[in-house]
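[1] Sharing a sequence plus its predicted fold:
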Amino acid sequence: MQTKIDVPFTGYEKLVIFILAISQFTVILDFMVMSPLGDLLIKSMDMHASSFGIVVSAYAFSAGASGLLTAGFADKYDRKKLLLFFYTGFIIGTIFCGIADTFYTLVAARIITGLFGGVIGSISMAIITDLFALEKRGRVMGFVQMGFGASQVLGIPIGLYIANRMGWEAPFLFIAGLAVIIAIIIAVRLKPVDAHLGMEVQKKAISHLMQTLKKKPYHVGFLTTAILSVGGFMMMPYGTVFAVNNLGISNEQLPFLFMASGVSSLVVMPFVGKVSDRVDKYKLFAGATIWLMVICVIYTNLGTTPFTLVMILNICMMIGIMSRMVPSSALVSAVPDMQDRGAFMSINASLQQIAGGIAATIAGFIVFQENKFSPLEHYDIVGYTVVAISLVSILLMYSVDKLVKAKMRRNMPEPVLNDQTGTSMRGKV
């Protein structure tokens, strides 16, 4: 197996990575913090558990709709201005979450937050693809996606602590305050990202959206993203219910379980990003997926289990998730042409959200719980379903890998690596 030489980041590239990582952290934290606040919200607003589900799903579906609505004009503007616009909307929505005092106003606030926050990830991906050569992109993805792990480390324990001290509204206001500072940094320090504006793009937004959707090479990227999201989200909604009622984990131990998983992802992500730039990305993805399949089957078939073993298995599962997330993101990001990247990433983000909602719905039809204190039944079937979907994802990602390598051989605007030296034969995109 041939390895590749690490290409160092410039000072400005490090700044861009920091800006994208910290902004992504606030968006993910806003989503993640809803889970530990569920009990407080239900009691303070006197809502039913099913009503809380509506609050959570409101964000996902509005974020999915937002991706499609913005896809048509995502490539018609400077990506910095686009990021700043949607990040400002996200801040406003988060503030509204913190001052909502009824179920309906909270749902409306989550819809606003989703409409703006759901697009930020795709804009960040387009910026990464525009500014960083493919041989650097795995490391960039590793750092930017550390927001997922950081949100688990900070979102659950700190969110609960602040909420218990100051009320459930406080975490949202703290997130909004941090986001305001980040928005100022974006406005002042991030340079325009507008190289794509010199390329031919359909004048009408809807035309550009349809043009992007019709391109056959992009279809495999969209389908791969959807399948990955279904497999990735299927176990998540009922993970806590399974841990408490089947594995025997106490509510007091849950924050430590999530924190251990989050810390492991923070450690693993930069390492995986570096490895992803040194070895074949598809092979890394396939190996990580097989690892994750084995852990899923073991975990979903457990009964009452010592907390230490549950923690170890959760860390192993997180390693598998992170180790396939980084190479898959890097490969899919290389599918679209530069003039279509914004639209492609917006559609991709929309598919991720919608597929996640579908995955939760499918899992809901599979599992069964006699009452809120009884064990969760058929969770093992969810695990087997994830395995089947993961096998499909390996086949689909193989097609993506072939597409990307063929594109590089045709000297498309992606940097091509010299097979002998590992150095770039072309300048950065």
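    It's in.

[2] hey, let's count contacts and neighbours off CA atoms from now on
    Fine.

[3] I'd like the distance from the helix or strand harbouring G231 to the chain centre, please.
    If you go by DSSP states H and E, G231 is part of helix 216-233. Between the centre of helix 216-233 and the centre of its chain there are 13 Å (Cα atoms, centre = their mean, to the nearest Å).

[4] Can you pull the poorly scored residue ranges out of the stretch 301-429 of the chain?
    342, 371-372, 411-429 (pLDDT under 70).

[5] rewinding a little: can I get the CA coordinates of the helix holding G231 in CSV?
    C-alpha atoms of helix 216-233 as CSV (Å, rounded to 0.1, in the frame of the first residue of the first chain):
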residue,chain,number,x,y,z
LYS,A,216,-26.2,11.2,-13.5
PRO,A,217,-22.7,11.1,-11.9
TYR,A,218,-24.2,12.9,-8.9
HIS,A,219,-26.9,10.4,-8.3
VAL,A,220,-24.6,7.8,-6.8
GLY,A,221,-23.3,10.5,-4.4
PHE,A,222,-26.9,11.4,-3.3
LEU,A,223,-27.9,7.8,-2.9
THR,A,224,-24.8,6.9,-0.9
THR,A,225,-25.4,9.8,1.5
ALA,A,226,-29.0,8.8,2.0
ILE,A,227,-28.1,5.1,2.7
LEU,A,228,-25.3,6.2,5.1
SER,A,229,-27.7,8.5,7.0
VAL,A,230,-30.4,5.8,7.3
GLY,A,231,-27.9,3.3,8.8
GLY,A,232,-26.3,5.9,11.0
PHE,A,233,-29.4,7.3,12.5
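
[6] Check which residues of the helix or strand just after it are buried.
    Moving toward the C-terminus from helix 216-233, the next helix or strand (DSSP H and E) is helix 239-245. Neighbour-count burial for helix 239-245 flags T240, V241, F242, A243, V244, N245 (criterion: 16 or more other Cα atoms under 10 Å).

[7] Now do the helices in the stretch 301-429 of the chain.
    307-333, 341-366, 379-409 (DSSP state H, counting those that start in this stretch).

[8] Just say which of those is most tucked in.
    Scoring the helices of the stretch 301-429 of the chain by mean neighbour count under mean count of other Cα atoms under 10 Å gives helix 341-366 as the most buried, with a mean of 24.

[9] now for that helix, which elements pack on it?
    Counting contacts by 3 or more Cα pairs under 8 Å, 6 or more residues apart in numbering; DSSP states H and E, helix 341-366 packs against helix 49-71, helix 103-131, helix 205-214, helix 216-233, helix 379-409.

[10] from the chain's centre, how far out does the second one sit?
    Same thing as helix 103-131. On Cα atoms, centre = their mean, the centre of helix 103-131 falls 11 Å from the chain's centre.

[11] And the closest residue to F307 other than its chain neighbours, how close does it get to L69?
    Leaving aside its chain neighbours, F307 sits nearest to I249 (6.6 Å; criterion: Cα to Cα, 6 or more residues apart in numbering). With the distance defined as Cα to Cα, to the nearest Å, I249 ends up 42 Å from L69.

[12] sorry, back to before: the helices of the stretch 301-429 of the chain into CSV, with extra columns for distance to S57?
    Converted to CSV, the helices of the stretch 301-429 of the chain look like this (distance: least, Cα to Cα, whole Å):
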stretch, distance to S57
helix 307-333, 23
helix 341-366, 7
helix 379-409, 20
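
[13] K191 is nearest to which of those?
    With respect to K191, and counting by Cα to Cα, the nearest of the helices of the stretch 301-429 of the chain is helix 341-366 at 17.2 Å.

[14] hang on, the earlier thing: the helix holding G231: which residues count as buried?
    Within helix 216-233, the residues that qualify as buried are 217-218, 220-233, counting by 16+ other Cα under 10 Å.

[15] I appreciate the help and will end here.
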